[in-house]
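J.: fold the following for me, if possible:
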Amino acid sequence: MHYDRDVTEQRLARVLNERIRPAVHARSVPLQVEIWNVPGEPVPVQAALSAPYRPARVGDRWGPAWSTSWFRVSGTIPAEWAGLPVEAVLDLGFSPHSPGFSAEGLVHRADGTAVKALNPRNTWLPVTESAAGGEEFVRYVEAAANPVVMHTGPDELTFGPTSVGGRAPWLGDPAADPGEPLYRLRRLDLSVVDRDVYELVQDLEVLGQLMHELPVDAPRRWQILRAIEGALDTVDLQNPGASAVAARAALAPALAAPANAGAHRISAVGHAHIDTAWLWPLRETVRKVARTVSNVTQLMDDHPEFRFVMSQAQQLAWLKEHRPEVYARAQEKAKAGQFLPTGSLWVEPDTNLTGGESLVRQFVHGKRFYLEEFGVETEEMWLPDTFGYNAALPQLMKLAGVRWFLTQKISWNTTNKFPHHTFWWEGIDGTRIFSHFPPVDSYNGDLSGADLAHTVRNFQDKGAANHSLIPFGYGDGGGGPTREMLARAARLADLEGSARVTLERPATFFARAHAEYEANGGAPVWSGELYLEFHRGTLTSQLATKQGNRRSEHLLREAELWAATAAVRHGHPYPYEALDRLWKTVLLHQFHDILPGTSIAWVHREAEETYVAVARELERIVEDAQRTLAGSGDGTVVFNAAPHDRAGVPALGAGLRTDPAEGNVPPVPDADGFVLDNGLVRVIVDGRGLITSAYDRTADREALPPGASANLLQLHQDFPNQWDAWDIDVFYRNTVRDLTDTESVTATGDGVHVVRAFGASRIEQTLTLAADSRRLVIDTVVDWHEREKLLKAAFPLDVRAAHSTAEIPFGHVERPTHTNTSWDAAKFEICAHRFLHVGERDWGTALVNDSTYGHDVTRDMRPDGGTTTTVRLSLLRAPRFPDPDADQGTHRLRYALVIGADIADAVREGYHLNLPERALPGGAPVAPLVSVDHEGVVIEAVKLADDRSGDVVVRLYEAHGVRARATLTPGFPFASATATDLLERPLDDPTGHQVTEGTIRLRLHPFQILTLRLVAA
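T.: Model prediction:
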């Protein structure tokens, strides 16, 4: 037989696109169009319905960047269409290249209720299944002119300030000139929908896509080719509707052939990944959610088998507040089992940068919302798009009642392919959570032949398992799943040559996958963090946003601690509503494109303003409670919110200070600089402002290698291959400039002041050493005006460290300092929270910080035979996309070198730097509301119970990675102490605690988190 495959495949593409697909809506009449351009920000629906509209027509341009236009479309259904199904086709000028990221619309009835959304690949609108003829049709479309900030074409993805003619990134700044209208009305018609032609399109798409994915020498591919050829021969190209039934009959045998008995099985779960902010502001996400939920609930009316998950409680809370009629539809479909709240979190947060207690509250507020609003106890953690996953998460999931974990982001690794798709994920405490990475490698699947074929080829667990999950639906403005995707799912349920597709809920998949693995000897285990070998720049970009989060987290700790103490001791009103609202605000901004620093300028400027307001309100709460506690008097009451005693002030309590506090030691000039010496450590700062000696007097040991200088600021060229704000590529190390020139190095009253200027920027640093402390604090003010640069602070240390130890939520992780394997080498930028420690078995050094997350650690041999381990903090970046002015301006941050430190010292000093003492006038010391007698048992939160019972909730964890026996002593009479889950519900305590004579005896295993609910006597 002659080879004609290419001819038939090319014929299919042209006939489908140029003849058959247009025939779905071939009979059309134009709608009358009127427009009202909203002046300023979006308005409520009722205001738009009564607005003054003016005539418009197809071809008109509309929508400068970020503006809103309302269209009133109206018409009459022709009498000759009686008995026929009618739809409207409303194309606002959508980009053909992408399913989202451009203009969007939401259609309303005349009473203001939403019908469905309009998106680039979803332009149809239901009108009637059987027209009477002569009916009047009127609808209102709220159209959002969201600009294409990142251009996504069929074969390109553009980054940086040159994208889209050099203008796109500046469109992310609300102060920028919105420019000319971005969109042009393309089609606004009433149309008869030819159901037979529509179904023919779906038949040809499914078979054509499957055919393209099968091997060229597979008999099934040729069988499909001949079936398609026969169908195309049947089609009347001038009137496809007249021949659609016959063409479908020619395809029916090919569609009826059942799948192989061993075919891979796919659970298809409807989903729309909506970034809570990214290339659009928060206010636009509120509207994106309304559009998407309107779409999917309308789709559920026609497809009762359709299941859709929604994974961010904040988005549903917005829907309830702003579009209650759409929210009611979601609740209606949830009762029917079609709309599935999932994910268990308030938003989908970054889990590298977010603090431990914040992650707790993500679960608390997320799960509680689903319980209260939908009566659903979510059991999945659905987090497909976050840039790495810390190793404390399995324990947090278990304590929140979560059984399953899903993500796919690790498939973005650029060095190593993750070895499993379904596995047990083991955290730092030993907790294991059954986890799945969809092998489709996407959270925006469309159930195409390419999706399914990639899933089967890519699935890592063949032989041991045969099930996987595909989240399908267009996200981020694409409107979610479409009817075309559901048509594919129906045809792919049992089709030869394809995986079997079933529409079902995630819990059904996880239960089946778990049972399948148990029957085959159990799933493999991955222990430790899930490090993403990509997007390492997110640990540093947009410093002000990260500082706002860090400061908010610690202020919330203080506010709850002192408000609870004042409430129990003095009946001070506990600010339940304010704390609930403030927590939710902070949790919102931990979303994985806000906190990592990867959103447009609009988002980050709003975030910085929000953090200022949050801090102002929390400071008032703290001050009000502390004034109640301090009482009257002429003394000075010093409050210590840290979990460890400090300068005679108990942890979580306050003491009267009668003598002036010991300050910093004054610098003493020497031959080439200054010396700071407090009898414990001696630090020499030379004439260049660099640390040339950090000597531990107690251990008789120098921390720095011979001839080395510490606190060396280094400037790198930082221009990654793609994803500017997200990425730091390893080749950045190839180009470095040591900033050793100074304008001045001078002694102040209690420190050494260093001023440097470089490029367009200026840095001022003050190095101080407190009496009785091993912590050299470096207070840094940077007036930063570099572009595409990375600023690091380097500390070469004279230790042979086999690993670094970095704080993560509720514990720490060890990472090798060598690069033996590709897995080790890929971790050239790592995350640490308040501390990073390196050392030998008997001596070490820690770097602590109040702002920084990105670090790198390297190890080198010296000519003298010693080993230098260099720790560097990433201080600032200057990416140009998606915010071309990212990090520009003045920043203040503090970090410190703790000389002669073990892990316990690192934990303590990290908390102390981030929770400075507060001094108020008064006359009363404050005994801690709770105290613990073990340095390694850290009290992370003290608060009143969320149910307003007045019970005191204490959350603590073992911080040193060892077993601990400790005694917790409440500072008030209590009747009982109950271990709870994160939602403060009773929970079995596997390690046991005993109440004895007003104390609680604890046994904790390494890194165990324990929440106790204390009922006052």
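J.: for the rest of this, base every contact and every neighbour count on C-alpha atoms.
T.: Noted.
J.: list the contacts of the spatially closest residue to Gly497 that is not a sequence neighbour.
T.: Closest residue to Gly497 apart from its sequence neighbours, by C-alpha to C-alpha, 6 or more residues apart in numbering: Ala259 at 6.2 Å. The contact partners of Ala259, by C-alpha atoms under 8 Å, 6 or more residues apart in numbering, come to Asp494, Leu495, Glu496, Gly497, Ser498, Ala499, Arg500.
J.: by mean pLDDT, flag the weakest helix or strand of the protein.
T.: Lowest by mean pLDDT, DSSP states H and E among the helices and strands of the chain is strand 993-996, with a mean of 90.
J.: sketch out the low-pLDDT regions of the chain for me.
T.: Applying pLDDT under 70 to the chain flags residues 1-3, 151-170, 990-991.
J.: rerun at 50
T.: 154, 161-166 (pLDDT under 50).
J.: need the longest helix for it.
T.: helix 601-630 (DSSP state H).
J.: before we move on, the earlier item: is it true that the residue nearest to Gly497 lies in a strand?
T.: No. Counting by DSSP: H, G, I helix; E, B strand; the rest coil, Ala259 is not part of a strand but coil.
J.: what bridges to the closest residue in space to Val649 that isn't next to it in sequence?
T.: Excluding its sequence neighbours, the residue lying closest to Val649 (C-alpha to C-alpha, 6+ apart) is Gly655, at 5.3 Å. In this structure, Gly655 bridges to Val638 when assessed by DSSP bridges.
J.: over to Leu769?
T.: Assessed by DSSP bridges, Leu769 has beta-bridge partners Leu776.
J.: what's the longest helix of the chain packed up against?
T.: Using 3 or more C-alpha pairs under 8 Å, 6 or more residues apart in numbering; DSSP states H and E as the contact criterion, the elements in contact with helix 601-630 are helix 543-570, strand 918-922.
J.: so what's the spatially most central residue of the chain up against?
T.: Centroid check for the chain by C-alpha atoms, centre = their mean gives His592 as the closest residue, at 2.2 Å. By C-alpha under 8 Å, 6+ apart, the residues touching His592 are Glu348, Pro349, Asp350, Asp385, Thr386, Phe387.
J.: secondary structure for those - can I get that in CSV?
T.: Compiled in CSV, those are given as follows (three-state DSSP):
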residue, secondary structure
Glu348, coil
Pro349, strand
Asp350, coil
Asp385, coil
Thr386, coil
Phe387, coil
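J.: do you have the strands of the stretch 1-150 of the chain handy? List them.
T.: Assigned by DSSP state E, counting those that start in this stretch, the strands in the stretch 1-150 of the chain fall at 28-30, 32-37, 54-56, 61-62, 68-76, 86-91, 104-108, 114-118, 124-128, 136-144.
J.: got the buried residues for the longest helix of the chain?
T.: 601-604, 607-608, 610-611, 614-615, 617-619, 621-630 (16 or more other C-alpha atoms under 10 Å).
J.: same question for stretch 115-133.
T.: Across stretch 115-133, burial judged by 16+ other C-alpha under 10 Å covers 115-125, 127, 131-132.
J.: please apply the same query to stretch 709-724.
T.: Under 16+ other C-alpha under 10 Å, the buried positions of stretch 709-724 are 709-720, 722-724.
J.: pick out whichever of the residues you listed sits closest to Leu1010.
T.: Asn711 (38.3 Å; C-alpha to C-alpha).
J.: ok, and the closest non-adjacent residue to His273?
T.: Counting by C-alpha to C-alpha, 6+ apart, His273 lies nearest to Gly475, which is 4.5 Å off, once chain neighbours are set aside.
J.: where's the one you found relative to Phe437, distance?
T.: 18 Å (C-alpha to C-alpha, to the nearest Å).
J.: what segments of the stretch 351-500 of the chain are strands?
T.: 380-382, 404-406, 422-426, 432-436, 467-472, 500-503.
J.: mind checking those for the one nearest to Lys288?
T.: Across the strands of the stretch 351-500 of the chain, closest to Lys288 is strand 467-472 (C-alpha to C-alpha), at 17.2 Å.
J.: so what's Ala906 up against?
T.: Contacts of Ala906 by C-alpha under 8 Å, 6+ apart are Phe835, Leu836, His837, Ala846, Leu847, Val848, Val898.
J.: roughly how far does the third one sit from Gly112?
T.: His837 sits 59 Å away from Gly112 when distances are taken as C-alpha to C-alpha.
J.: one more: the fourth one?
T.: Counting by C-alpha to C-alpha, the gap from Ala846 to Gly112 is 60 Å.
J.: show me which of the two is the more surrounded one.
T.: Neighbours of Ala846 and Gly112, each counted by other C-alpha atoms under 10 Å, are more numerous for Ala846; the result is 29 against 17.
J.: beta partners for that one?
T.: Here Ala846, judged by DSSP bridges, has bridge partners His837, Val898.
J.: surely it touches His837?
T.: Yes. With contact defined as C-alpha atoms under 8 Å, Ala846 counts as touching His837 (4.2 Å).
J.: shared neighbours, the two?
T.: Residues touching both Ala846 and His837 by C-alpha under 8 Å, 6+ apart: Ala901, Asp902, Ala906.
J.: and stretch 138-148, how far out from the chain middle?
T.: With C-alpha atoms, centre = their mean, to the nearest Å as the basis, stretch 138-148 stands 28 Å off its chain's centre.
J.: surely Ala924 meets Gly631?
T.: Yes. The pair Ala924 / Gly631 is scored as a contact, 5.8 Å apart, by C-alpha under 8 Å.
J.: outside of the host helix or strand of Glu199, which residues touch it?
T.: If you go by DSSP states H and E, Glu199 is part of helix 195-213. For helix 195-213, contacts defined as C-alpha under 8 Å, 6+ apart pick out 9, 12, 16, 20-21, 23-24, 220-222, 224-225, 228, 240-241, 244-245, 247-248, 251, 255, 448-450, 453, 484, 487-488, 491-492, 497-498.
J.: what about 7 Å?
T.: Applying C-alpha atoms under 7 Å, 6 or more residues apart in numbering, the contact partners of helix 195-213 are 20-21, 23-24, 221, 224, 241, 244-245, 248, 448-450, 453, 484, 487-488.
J.: after that helix, next one along is what?
T.: Taking DSSP H and E, what comes next after helix 195-213 is helix 219-234.
J.: which positions within that next one qualify as buried?
T.: Arg220, Arg221, Trp222, Ile224, Leu225, Arg226, Ala227, Ile228, Glu229, Ala231, Leu232, Thr234.
J.: ok and that helix relative to helix 195-213, angle-wise?
T.: With axes from the mean of the first three to the mean of the last three C-alpha atoms, to 10 degrees as the basis, helix 219-234 and helix 195-213 are set at 150 degrees to each other.
J.: now the angle between helix 219-234 and the next helix or strand after helix 219-234, please.
T.: Per DSSP H and E, the first helix or strand lying C-terminal to helix 219-234 is helix 240-256. Interaxial angle, helix 240-256 versus helix 219-234 (the same axes, to 10 degrees): 160 degrees.
J.: can you list the buried residues in helix 240-256?
T.: Here helix 240-256 shows 240-241, 243-251, 254-255 as buried, counting by 16+ other C-alpha under 10 Å.
J.: and the helix or strand following it, how far from the chain's centre?
T.: The first helix or strand that comes after helix 240-256 along the chain, using DSSP H and E, is strand 265-271. Averaged C-alpha coordinates place strand 265-271 at 22 Å from its chain's average position (C-alpha atoms, centre = their mean).
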